[in-house]
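Asker: what's the 3D shape of this:
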Amino acid sequence: MAEYNFREIEHKWQEKWSAQGTFKAEVDTSRPKFYSLDMFPYPSGAGLHVGHPLGYIASDIVSRFKLLKGFNVLHPMGYDSFGLPAEQYAIQTGQHPAITTAQNIQRYTEQLKNIGFAFDWDREVRTSDPAYYKWTQWIFMQLFSSYYDLEADKALPISGLISRFEQEGNARVNAVCDEGTPFFTAAEWKAFSTNEQQQLLLHYRLTFLAETTVNWCAALGTVLSNDEVKDGFSERGGHPVERKKMMQWSMRITAYADRLLKGLNELHWSEPIKEMQRNWIGKSIGAEVVFAVKGSKQKIQVFTTRVDTIYGVTYLALAPESDLSAELITDDQRVAAEAYIQQAKNRSERDRMSDVKSISGAFTGSYAINPFNGEEIPVWIADYVLAGYGTGAVMAVPAHDERDYNFASHFGLEIRQVIEGSMENGSFPGKGGTIINSGNLNGLTMKEAISQCIAFLEEKGIGHGKVQYRMRDAIFTRQRYWGEPLPVYFKDGLPYLIEEKDLPLVLPEVDKYLPTEDGAPPLGRAKDWTYTTESGTYPLELSTMPGWAGSSWYFFRYMDPSNTHNFADKDKTDYWGAVNLYIGGSEHATGHLLYSRFWTKFLYDIGAVSIDEPFQKMINQGMIQGRSNFVYRIKGSNTFVSLGLKDNYDTSAMHVDVNIVHNDQLNLEKFKAWRPDLANAEFILEDGKYHCWAEVEKMSKSKYNVVNPDDIIERYGADTLRLYEMFLGPLEQFKPWNTNGIDGVFKFLKKLWNLFHDADGKFDVSEEVPSKEELKALHKAIKKLEEDMANYSFNTSVSSFMICVNELTALGCNKRQILEPLVVLVSPYAPHIAEELWDLLGHSTSITKASFPEFKEEYLVESSFEYPIMINGKLRAKVNLSLSLGSEAIEKAALSDAQVQKWMEGKAPKKVIVVPGKIVNLVV
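Answerer: Now for the predicted structure:
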């Protein structure tokens, strides 16, 4: 047997790839391009576990396959290196986050290189590198200097908007702006002070400063996104979170809502991911209705998609955060209502949206007036209403909305049916029914009633038709240290951009990474955190950018990572274009993917890039789950009972480190060395072995089921790890990690190695012409791989490799014309062994320079068939005959076969049935 020394082979080729720049990508217009990208990781201190590389292996296989197909492949890797964990560590230890991050990146890079990825490491980016975030800051500046023109349907320079204001005011300007932006004439604009003009421009800028309701975590000293809050506590650390209003920078992503929605139709993404984005954007076509408040000058604006049900409104509900909620509380309701507001407003919006079972609310004591019939309607506060969606107020129609129905039923409010239909099972939408109990709307269809209602609202000046989006403008600041500084200074309390020549604005040194004593963000601790202009010295912004800033454009920087004059050269972005294949987790379906699409569309609008969608094809890989092992301790002792004997004792289950278990058998010595309290452990064994129980759970340190890829590589090699991760199942599915099956993959690689070596371990490849059987085995594998690559079915390709190698082994094949194409086939999956065998075959260049083998159908066409010969219904013989023979020739050949004649006993057949290519039936 030839020795397959995987450690030596893998180290050798990883060194060669690095030294020779094998995967270095350059613009080459003579070849088609393929841009393969993974969602770049945050470099945590724990390093990689075996679940992390799953998507990277898949994209690497595709990248290597495309190289074999003649494509010019860009396959980079970098790090999303700003993050809260490094800052929390800095707060605890005083170590600068940059040091921690650099150490973590070094560890990640070592692990990734050990797996043999075809990354162009010269293109590595780190979002925390000033040379990188200089351009994140530059993009922020372009957004600040732009507004969204609805007539042009694109972003335009704010300077052009200012010119229009100077010429005609803003009455005829059709642009995205804040609700309540005042109208002014050209003369009034010119009469405004500089500060007044700058304040008005903030209503239009694509990034702007405004008072916003946020999730504030005092313990972490920062604002958290909805995704970072669970049940009123921070996901990290479990600290209390309160909803409060703060001045925050925001991105006007809502300006792009319709384009983000329409753009989904052109993308090759899974339908569930696209649907998640559609729901997040949440386009609704409806009307805004103004309700007067009895005995008050206040007005309540409500957005509804079902204004046709206006006569069925029996209460209004306000969001707890709404300013109106507090203002409309009457003295007799104040104690209960204010207590409810305090309790309800600190729940995150995500919690409130998802919790449909809990019903809570408080009456304000006030009444609104229905503008259609003058009816007085009670005004309630309810946490199912969100301040950020619509107007923060809901006109409740309990008969035709489930949440309104549940709320009204709970609090004993009227439920009035205004659409024909049965209410036996509670509320019903009634979109196809006829309007009833609704004055002059009676007898109309939903569509007719909506049109009539909107006409009435607009005629009376108490409402209008409106398109509404659930998506809100994205908060763009965090009150923390470890993030990109905003390139903004303040003069008279208003924001101004620093000059581009002063980019990057680099993070300053601070004595601590905590907020200041007066509650300012950590940058408030920096000395001289100011900016000097000709008119004076001014304070810089103290907040930093959110975690999603650097990840919203990194795919462009990979195209030109060393450019000091631009975020990326236009010729290079034109060549590489959109990412052809993007692989990452579905947890980024809304945040990262929406922000990246938003920034790409903006960069397209200003002419910086030539694409308006960043990712053509996207696959969300499933999670590799942990496979936990358990041992059973006899209660009150340090004795452990093997699985099959545990029912004979009073035991309790205990998680055990899976790395000291092999094929569910515990290594006793390693177990005793695992923890000090186990040093004197005793065991009750089965057949001299300790068998463990196993369960599939999430991979985590607390369950001791984290498997380090370094350990697998040390024991079996990187090629085995790569093949095995693909072999576990379809890429998109969740699947458990089970080391028990890895031996089979390792044996396959040894079998592949042995095809090229004789019994003495010497390299032995023949120049003989291959047989039909050998060609058939090879071309079945070629065909299967091409089909699998088109469908991204990586697991079935591994199976086809195994079948092919088994067949060739059985045939004793060692022929170059078979083995050379075979090693090219296997190379995307197991590149190290493939490179070594390619080298042994006499090639002086990398196997990545080879051409993918051409599939030939002719080798799969059978020329003969082994006919089963049935005599009186029983199989008695098999005869191999040419498929070109006709029925008479087949019958003649069958009857002349010696085995058939033996069973016929000299008798003539009474009946002969021949089915060419299938069977011969004889009745004697």
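
Asker: where exactly do the helices run in the stretch 1-150 of the chain?
Answerer: If DSSP state H, counting those that start in this stretch is used as the criterion, the helices of the stretch 1-150 of the chain fall at 6-20, 53-68, 84-93, 97-114, 130-144.

Asker: buried ones in the last one?
Answerer: Looking back up the chat, that one is helix 130-144. By neighbour count with 16 or more other CB atoms under 10 Å, helix 130-144 contains the buried residues 132-144. (C-beta placed from N, C-alpha, C; glycine too.)

Asker: tell me what it is packed against?
Answerer: Applying 3 or more CB pairs under 8 Å, 6 or more residues apart in numbering; DSSP states H and E, one finds that helix 130-144 makes contact with strand 207-217, strand 494-497, helix 591-605.

Asker: Out of those, which gets nearest to E8?
Answerer: Among the helices and strands packed on helix 130-144, the nearest to E8 by CB to CB is helix 591-605 (40.4 Å).

Asker: which other helices and strands contact that closest one?
Answerer: helix 130-144, strand 154-157, helix 257-263, helix 271-281.

Asker: Dump those into JSON lines; add mean pLDDT as well.
Answerer: Output for the helices and strands packed on helix 591-605, formatted as JSON lines (pLDDT from 0 to 100):
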{"stretch": "helix 130-144", "mean pLDDT": "98"}
{"stretch": "strand 154-157", "mean pLDDT": "98"}
{"stretch": "helix 257-263", "mean pLDDT": "97"}
{"stretch": "helix 271-281", "mean pLDDT": "93"}
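
Asker: Can you add distance to F456 and give those back as TSV?
Answerer: Putting the helices and strands packed on helix 591-605 into TSV (distance: least, CB to CB, whole Å) gives the following:
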stretch	distance to F456
helix 130-144	40
strand 154-157	35
helix 257-263	27
helix 271-281	30
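
Asker: ok so, going back, just say which of the helices and strands packed on helix 130-144 is most tucked in.
Answerer: Among the helices and strands packed on helix 130-144, ranked by average contacts under mean count of other CB atoms under 10 Å, first place goes to helix 591-605 (a mean of 23).

Asker: so it versus helix 130-144, what angle?
Answerer: 70 degrees (axes from the mean of the first three to the mean of the last three CA atoms, to 10 degrees).

Asker: if we can go back for a sec, tell me which of the helices of the stretch 1-150 of the chain approaches A759 most closely.
Answerer: Closest to A759 of those is helix 6-20 (CB to CB; 20.6 Å).

Asker: distance between that closest one and the chain's centre?
Answerer: 32 Å (CA atoms, centre = their mean, to the nearest Å).

Asker: for stretch 736-746, same thing?
Answerer: The answer for stretch 736-746 is 27 Å, by CA atoms, centre = their mean.

Asker: again, but for stretch 343-361
Answerer: With CA atoms, centre = their mean as the basis, stretch 343-361 stands 26 Å off its chain's centre.

Asker: Next up, the contacts around H655.
Answerer: The contact partners of H655, by CB atoms under 8 Å, 6 or more residues apart in numbering, come to S628, N629, F630, S702, K703, Y704, N705.

Asker: So which residues of the stretch 551-700 of the chain form helices?
Answerer: 554-557, 570-576, 591-605, 668-674.

Asker: how far is the second one from where the chain is centred?
Answerer: The chain centroid and the centroid of helix 570-576 are separated by 26 Å under CA atoms, centre = their mean.
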